[in-house]
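1. this one's structure only:
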């Protein structure tokens, strides 16, 4: 419905190591703050994280919460290159790591400056929870002690530390990586994971008021993949050293989905009201897309042909329209499912033959997907059956779409770095939009945007800050 799985990002080569106004989460004054993110996708690992900023003017629902806090790290996803082929491939046991939301895989550069945050910093003052360091203030200003509520500029000008437009989400204690999965209808609550490279990642939520908090009652290795419009229901999967097991978390009470003993299954998305899950289960290494309700249990959606794998990645607001891919490795075709027509192939333009990921808007009007041909990649937006190929930044590599707004008018992803497509406009890089709005991103590389709020105004993604993959949230300028 909103953000979806494949954590795809081009090889970054030399990572940025820049001094900057915005501090990173691995610095002592900011340890233990912020939110987190999901991982995974269709095969492979990847993802990246965000940046921090302060002092920008607030509009469009930008919360007033002091200067930006830093943190977060990413995981999951297949790496993409300009030729359209994705590294990553299959995940454990020969099954394909599911998308529609991230799969439970991690990666990322280890942190510098002392390694992972331990969350030992005392709580920051209420009202301006991030304004604790000089780096939190823009344009050479410093934060005024003892209450850290205003920034004092070099010329003596005093202004409030609030109205941030960009924030990194942070880490859970003892974690060094975070990634982001999805967000609620308005962007007020984000679901994420935070963990340690090569070990495990734990499901978490992030909000402006509470920062990054672990989701109680889940395994240490757990991945949230979908969230209801109001945030009361979260779905995903967990792993207690065995097969993946889907969960449905309603107001903190967990229901585990029931399948045959020993089977592996991943919930990938949930309807806006939280009552319908979609996902993928594996039976004898064959993937089966499913739709689940508490009353009916899991119903197999079928595949495009007998013996084909099928993966359900995302749904519209009531799960009456479900999108995914079906086929045999490595040739997967995009499909849509509805109760009347069942599984139906989505026709691709000439020269394109496969897809790895697909998403759908909450209103069901718009489907976005990455499509591939021989040495060809196209980013497609299909609105009421009309196919539009999205443009990319000339000269850039690593293009993919991931998230879509409620009415399909805004698409987010990457065109070498985090990018946004607004209907009727050319592609724009988020770094450019945020910098123009006063956000200082000089320490950051925004790798990809993975999900967007229904109104298209709040975006979450991942990037690098001082060689550490971190998750971020941005409130976009009008």
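-> Yep, that arrived. On a predicted model such as this, the values are computed, not experimentally measured, just so you know. Residues are numbered from 1 along each chain as shown.

2. List the contacts of residue 351.
-> Residue 351 makes contacts with 373-374, 376, as judged by Cβ atoms under 8 Å, 6 or more residues apart in numbering. The way it works is simple: take the backbone N, C-alpha and C, and place the C-beta from them, glycine included.

3. swap that for residue 393, please
-> Residue 393 makes contact with 415-416, 419, 427, 429, according to Cβ under 8 Å, 6+ apart.

4. still on that earlier bit, wait, which of the contacts of residue 351 is closest to residue 459?
-> Nearest to residue 459 out of those is residue 376 (Cβ to Cβ; 27.5 Å).

5. Verify the stated contact: the closest one with residue 352.
-> Yes. Under the criterion of Cβ atoms under 8 Å, residue 376 makes contact with residue 352 at 6.5 Å.

6. quick one: low-confidence parts of the stretch 101-250 of the chain?
-> Scanning the stretch 101-250 of the chain for pLDDT under 70 picks out the ranges 101-164.

7. Strands of that one, start to end?
-> Assigned by DSSP state E, counting those that start in this stretch, the strands in the stretch 101-250 of the chain fall at 142-143, 150-152, 158-160, 166-168, 177-183, 190-196, 200-207, 211-214, 221-227, 233-239, 245-250.

8. Sheet-wise, list the partners of the fifth one with their directions.
-> Just to be clear, that refers to strand 177-183. Neighbouring strands of strand 177-183 in its sheet, by DSSP bridges, are strand 190-196 (antiparallel).

9. tell me the angle of the strand it pairs with relative to strand 200-207?
-> Per axes from the mean of the first three to the mean of the last three Cα atoms, to 10 degrees, the angle that strand 190-196 makes with strand 200-207 is 150 degrees.

10. Check which residues of strand 190-196 are buried.
-> Buried residues in strand 190-196, counting neighbours by 16 or more other Cβ atoms under 10 Å, are found at 190-196.

11. cool, and stretch 425-436?
-> By 16+ other Cβ under 10 Å, the buried positions in stretch 425-436 come out as 427-431, 433-434.

12. Pull the residues that contact that stretch.
-> The set of residues external to stretch 425-436 that reach it, using Cβ under 8 Å, 6+ apart, is 53, 165-166, 390-393, 415, 417-422, 441, 444, 446, 449, 459, 461, 474, 476-477.

13. Let me have the strands of the stretch 101-250 of the chain in a markdown table, adding distance to residue 385 as columns.
-> As requested, the strands of the stretch 101-250 of the chain are arranged in a markdown table below (distance: least, Cβ to Cβ, whole Å):
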| stretch | distance to residue 385 |
| --- | --- |
| strand 142-143 | 53 |
| strand 150-152 | 51 |
| strand 158-160 | 49 |
| strand 166-168 | 37 |
| strand 177-183 | 26 |
| strand 190-196 | 32 |
| strand 200-207 | 37 |
| strand 211-214 | 41 |
| strand 221-227 | 26 |
| strand 233-239 | 29 |
| strand 245-250 | 32 |
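
14. Tell me which of the ones you listed sits most buried.
-> Comparing the strands of the stretch 101-250 of the chain by mean neighbour count (mean count of other Cβ atoms under 10 Å), strand 177-183 comes out on top with a mean of 36.

15. by how many degrees do it and strand 221-227 diverge?
-> Strand 177-183 and strand 221-227 meet at an angle of 30 degrees, taking the same axes, to 10 degrees as the criterion.

16. out of the buried residues of strand 190-196, which one sits closest to residue 237?
-> residue 193 (11.3 Å).

17. Give me the spatial nearest neighbour of that closest one, chain neighbours excluded.
-> The shortest distance from residue 193 to any non-neighbouring residue, by Cβ to Cβ, 6 or more residues apart in numbering, is to residue 201 (3.9 Å).
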